[in-house]
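Student: Next come a sequence and a model predicted from it.
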Amino acid sequence: QLLQGENCPASVKQLRDSIELKGDAVFRFYILFLLGFMSGLAAGHGSRFMDAKNSETTIAGIRMLEHLMKVDPVNLYWGYMGIRAEKLQLPFNSPE
């Protein structure tokens with residue numbers, strides 16, 4: 001849900017807390033699941049969703065999640081939202 005902007009920093013913290021309890025192997029599985037899930041969106045033969053444009057977003061999100069255990073969840077969340085806003089050419093400097 002983070003990759004689709006449907007999340008909040010508290011959810012990122014919950015993921016982080018879960019990884020702390022369950023270990024790095026669970027985190028790696030989560031990333032693999034996430035990649036498979038995002039690749040399968042829009043169904044069809046092959047993947048109609050995971051094209052060059054959408055793969056950039058997915059890769060950016062996974063790169064942000066690589067820092068999950070090192071970066072404050074709020075900073076990680078808003079860092080990713082900033083990347084998404086930039087890709088969509090949307091302003092990101094104010095709450096509006």
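Tutor: Structure received.
Student: my guess is Met50 contacts Ser39, does it?
Tutor: Yes: counting by C-beta atoms under 8 Å, Met50 does reach Ser39; the two are 4.4 Å apart. The C-beta positions use only the backbone N, C-alpha and C, and glycine is treated the same way.
Student: The nearest residue to Pro91 once chain neighbours are set aside: neighbour count?
Tutor: Excluding the flanking residues, the one nearest Pro91 by C-beta to C-beta, 6 or more residues apart in numbering is Ala85, at 7.2 Å. Neighbour count of Ala85, defined by other C-beta atoms under 10 Å: 15.
Student: where does this protein have low pLDDT?
Tutor: For the chain, the stretches flagged by pLDDT under 70 are 1-6, 41-47, 95-96.
Student: let's see it at 80
Tutor: With pLDDT under 80 as the threshold, the chain has low-confidence stretches at 1-7, 38-54, 93-96.
Student: on that earlier part again, was I right about the residue nearest to Pro91 contacting Phe92?
Tutor: Yes: counting by C-beta under 8 Å, Phe92 is a contact partner of Ala85 at 3.8 Å.
Student: and Met50 and Ser39? which has more neighbours close in?
Tutor: Met50 (18 against 15).
Student: Secondary structure class of the more buried one, three-state.
Tutor: Secondary structure assignment for Met50 (DSSP: H, G, I helix; E, B strand; the rest coil): coil.
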